[in-house]
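Novice: Below is the sequence, then the predicted model.
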Amino acid sequence: MTDWSKLSDAHGSAEGVPVLLERFEADPPGVWSELMDRLCPQLDIAFSASFAALPRLAEIAADREPADRHWVLSAAGPIVSCARRSVEGVAAREAYAIEIAELARLTGECLRLPLDIEDYVGLLQTALAFDDVQVWDERLGDLAHGEYEVECPYCGVGLFIVLGDDSFFVCSDDHALRDVEKSPLRPADPPGLVGLARRLYDRALADGQPVVARRLAYLFGQGTCTDCGTGFSVADRVVAHEMPV
């Protein structure tokens with residue numbers, strides 16, 4: 001049995017977490033914000049109680065039909081993603097490996113549902129958290145909004161990577177406010193994709209998400225800085241932006 005009084009959450013003692021989890025089970029969308037405020041505020045920090053809650057979250061997810069799991073999985077995903085940031089979290093990831101594997105399986109079932117792009121990409125990002133894929137377990141979600149901010153690898157200017165439904169380009173000014181110089185993105189050739197890019201692209205197609213697959217081809221494609229003309233890998237610049245040397 002978990003002694004919650006010896007664990008902590010964002011508010012201090014975690015004694016109230018079991019009751020909060022019961023309330024969450026009864027009403028995931030209504031209690032999600034409150035739960036995350038205690039266990040993973042801002043979706044970027046976790047506590048001893050956060051990791052201890054993973055088995056219960058896995059149980060709650062398993063007891064629900066795939067169409068009703070979204071809020072539960074989106075609670076567990078950020079907690080698991082945060083685990084790499086502390087020794088305690090790394091140990092918890094090993095201790096709860098079975099539960100995390102189950103959460104990954106349950107997420108896979110949900111990804112096959114007919115979802116809108118935002119829900120699908122959010123769940124795909126959650127799946128990457130359970131698979132311990134750094135950067136993309138927190139930034140893949142931006143694919144649904146169609147925009148990333150990066151820096152040119154040569155001149156350092158800030159760039160917007162725009163992945164719209166019909167327009168894919170690079171610019172260095174806010175394209176929403178004014179007419180700006182744009183450089184077209186060049187998508188990766190799908191047969192040439194490898195590793196994570198291949199997995200994500202193939203998965204999106206298999207799940208009936210051709211729009212997501214198309215955006216992924218551009219995300220793992222090439223861009224050109226509008227200021228200095230330097231070519232670059234879009235995905236590499238997103239990673240560099242999140243994990244600067």
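Specialist: In hand now; what should we look at?

Novice: from here on, contacts and neighbour counts on C-alpha atoms
Specialist: Noted.

Novice: now stretch 39-56: mean pLDDT?
Specialist: Mean pLDDT, stretch 39-56: 97.

Novice: Could you give me the buried positions within that stretch?
Specialist: Within stretch 39-56, the residues that count as buried by 16 or more other Cα atoms under 10 Å are 39-41, 43, 45-56.

Novice: now, among those, which is nearest to Gly156?
Specialist: Among these, Leu43 lies closest to Gly156 (Cα to Cα), at 28.4 Å.

Novice: helix or strand for the residue nearest to that closest one when sequence neighbours are not counted, which one?
Specialist: Spatial nearest neighbour of Leu43, excluding adjacent residues (Cα to Cα, 6 or more residues apart in numbering): Pro78 at 5.6 Å. Per DSSP states H and E, Pro78 falls inside helix 70-82.

Novice: What is that helix packed up against?
Specialist: helix 28-39, helix 48-52, helix 54-62, helix 97-111, helix 117-130, helix 136-139 (3 or more Cα pairs under 8 Å, 6 or more residues apart in numbering; DSSP states H and E).

Novice: just the angle between that helix and helix 97-111, please?
Specialist: 130 degrees (axes from the mean of the first three to the mean of the last three Cα atoms, to 10 degrees).

Novice: Contacts for helix 70-82, please.
Specialist: 28-29, 32, 36, 39-40, 43-46, 50-51, 54, 57, 60-61, 89, 93, 103, 107, 110, 122-123, 126-127, 129-130, 132, 134, 137-138 (Cα atoms under 8 Å, 6 or more residues apart in numbering).

Novice: Now which of the residues you listed would you call buried?
Specialist: Among the contacts of helix 70-82, the ones that count as buried by 16+ other Cα under 10 Å are 28, 32, 36, 39-40, 43, 45-46, 50-51, 54, 57, 60-61, 89, 93, 103, 107, 110, 122-123, 126-127, 129-130, 132, 137-138.

Novice: what sits against Ala217?
Specialist: With contact set as Cα under 8 Å, 6+ apart, Ala217 has these partners: 187-190, 201.

Novice: Quickly check those for the two that are furthest apart.
Specialist: Spatially, the most separated pair among the contacts of Ala217 is Pro187 and Tyr201, at 12.1 Å (Cα to Cα).

Novice: Of those two, give the one with the bigger neighbour count.
Specialist: Between Pro187 and Tyr201, Tyr201 has the larger neighbour count (other Cα atoms under 10 Å), namely 23 against 18.

Novice: Helix or strand: which one has the more buried one?
Specialist: Assigned by DSSP H and E, Tyr201 falls in helix 195-206.

Novice: Could you check the helix or strand following that helix and say which residues are buried?
Specialist: As assigned by DSSP H and E, the chain's next helix or strand after helix 195-206 is helix 210-219. Of all the residues in helix 210-219, those buried under the rule 16+ other Cα under 10 Å are 210, 212-219.

Novice: ok, Glu147 touching Ile161?
Specialist: Yes: with contacts counted by Cα atoms under 8 Å, Glu147 reaches Ile161, the gap being 5.4 Å.

Novice: So for the two, which sits in the more crowded spot?
Specialist: Higher neighbour count among Glu147 and Ile161: Ile161, with 26 against 18, using other Cα under 10 Å.

Novice: Just list whatever residues bridge to that one.
Specialist: When bridges are called by DSSP bridges, Ile161 pairs up with Tyr148, Val170.

Novice: how about it, what does it touch?
Specialist: 146-150, 168-171, 234.
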